[in-house]
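In: Predicted structure and sequence below. I'll ask about it afterward.
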Amino acid sequence: MSAAAACLALAVAGCGGDDDESKSAKKVDPGAADKATGNVNWCIGKDTTGTFSKAVKQFSSKGQVKAKLIELPEAADEQRTQLVQRLRAKSSECDVIGMDVIWTAEFAAQGWLQDVSDVVGERTDEWIPSTLETAKYEDKYYALPYNTNAGFVYYRTDEVKQPPDNWEDVYSQAQKGNGLVYQGARYEGLTVNFLELLYSAGGKVLSDDGKTVEIDSPEAAEVLKFMADGVEQGAVPKANSTYKEEEARRAFESGKATFMRNWPYAYSLGKDSKIADDFDITTFPKFGEGEGAGVLGGYDVAISAYSKNPAGAAAFAEFLTSPDWQKTIMTEASLPSTLTKTYDDPAVQKAFPFAVKLRTAVEQAQPRPVTPVYPQVSEAIFKNVHAALQGEMAPDAAIKAMKGDIDKALQTF
């Protein structure tokens, strides 16, 4: 890979950015959306459900702004690469950007997004508070929360009488039963699984300003040792080190696990499987003296700094996050809404029998570390956690290595 290609792929590492770019971002006037005209392009991942195309068609039929969908690849990493290429070139092709929630800080710090604080400010009370945190960088909003996600503990009701209220009991019962499966492969999913226990134990990765590494803590060491012991003692199968979401789901549905950590999508698939009547879900339990906490997933919508029609882009972003459209994405595409009241709608509760549990899971979830170098921070976490779970490193050594790698990542920006 050439130096230029590497710079594009990483977006930030060693390539830097103007420290003042995000502070001088253009500010979107919420009132301008009402008078908007012209055309806007929405750049987001592959439209696997047809919902994105429907949004463009429905929005375009109602007002003076016409929207067009520009599909990016299905894989999030490939989406990010294509967006970075366009934004570094200051391309005006994308007016509205569909972003994984972990990209907000990176894109805002590079000066690629417009400040939508005034747009969000008029509607702050509508969103689930935790989802708003994914759209914020340095006390300003650079996106509107579009759809969200938070994990659950799945358990076999024919094996477990009452869902455990702490992770210690989950592992204990898993060891006595058929085990616990989760996303244990060497990728982003393992970062999420580690953070869920770390947050539940009261630990942190970075300071609140994102500039100091705080992961070398008693909480982190305890959590990683706990996870490693779980593998060594048989609560978690050795094969889990290769599992992503689908491998874990298949193991659970085939009766090879008593517990599973997974996203909401696995619920409806499970109800179409042979264990349809033999499982349920619960929100994340506590760890030690902490409180149960998940990790947020999902997508936000932002307005490109290089859009030639920011007013039209704002109008489309507001449509995508409106109560009516948020109901549509839940009932027709099974995408969890970011708006609090969506979960009270009878049609939503029919489509999502676990809607109330899902909202609770989202409410208790926390964002991943907010930093422009998140991809490098995540890699530092998952590669060292994986090494510890494989027995290649002692947990305390893995935590120290993690801290060193994250320190280096922060110094690149």
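Out: Good, I have the coordinates.
In: Residue 90 against residue 306, yeah?
Out: Yes: the pair residue 90 and residue 306 qualifies as a contact (C-beta atoms under 8 Å) at a distance of 5.0 Å. Yep, even glycine has a C-beta here, placed from its N, CA and C like the rest.
In: Please say which of those two ends up with more neighbours.
Out: Looking at residue 90 and residue 306 with other C-beta atoms under 10 Å, you find the greater number of neighbours at residue 306, namely 20 against 11.
In: Run through the bridge partners of residue 40.
Out: Residue 40 forms beta bridges with residue 67, as assigned by DSSP bridges.
In: List the buried residues in stretch 78-92.
Out: Residues of stretch 78-92 classed as buried by neighbour count (16 or more other C-beta atoms under 10 Å): 79, 80, 81, 82, 83, 84, 86, 87.
In: Got the confidence number for the fifth one?
Out: Model confidence at residue 83, given as pLDDT, is 98.
In: ok, it - contacts?
Out: The contact partners of residue 83, by C-beta atoms under 8 Å, 6 or more residues apart in numbering, come to 43, 72, 94, 97, 99, 103, 107.
In: From residue 195, how far off is residue 188?
Out: Applying C-beta to C-beta, to the nearest Å, the value for residue 188 to residue 195 is 10 Å.
In: wait, residue 95
Out: In this structure, residue 95 and residue 195 are separated by 33 Å, where distance is defined by C-beta to C-beta.
In: go on, residue 75?
Out: As it turns out, when the distance is counted by C-beta to C-beta, residue 75 lies 21 Å from residue 195.
In: List just the nearest of the buried residues of stretch 78-92 to residue 341.
Out: Taking C-beta to C-beta as the measure, residue 341 lies nearest residue 79 of these, at 29.5 Å.
In: Please identify which helix or strand holds that closest one.
Out: Secondary structure assigned from DSSP states H and E places residue 79 in helix 76-88.
In: Using CSV, write out the CA atom coordinates for that helix.
Out: As requested, the backbone C-alpha atoms of helix 76-88 are provided in CSV (Å, rounded to 0.1, in the frame of the first residue of the first chain):
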residue,chain,number,x,y,z
ALA,A,76,-18.7,-0.4,7.2
ASP,A,77,-14.9,-0.2,6.7
GLU,A,78,-15.4,0.1,2.9
GLN,A,79,-18.0,2.8,3.4
ARG,A,80,-15.6,4.8,5.5
THR,A,81,-12.8,4.5,3.0
GLN,A,82,-15.0,5.8,0.2
LEU,A,83,-16.3,8.6,2.3
VAL,A,84,-12.8,9.6,3.4
GLN,A,85,-11.6,9.7,-0.2
ARG,A,86,-14.5,12.0,-1.1
LEU,A,87,-14.1,14.3,1.9
ARG,A,88,-10.4,14.6,1.6
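In: Show me what the helix or strand following that helix is packed against.
Out: Following the chain from helix 76-88 toward its C-terminal end, the next helix or strand by DSSP H and E is strand 96-100. Contacts of strand 96-100 with other secondary structure elements, assessed using 3 or more C-beta pairs under 8 Å, 6 or more residues apart in numbering; DSSP states H and E, are made with strand 38-44, helix 76-88, strand 297-303, helix 310-320.
In: pLDDT averaged over strand 96-100 - what is it?
Out: The average pLDDT for strand 96-100 rounds to 98.
In: Check which element follows it along the chain.
Out: helix 104-109.
In: Excluding chain neighbours, what is closest to residue 98?
Out: residue 44 (2.8 Å; C-beta to C-beta, 6 or more residues apart in numbering).
In: No further questions, thank you.
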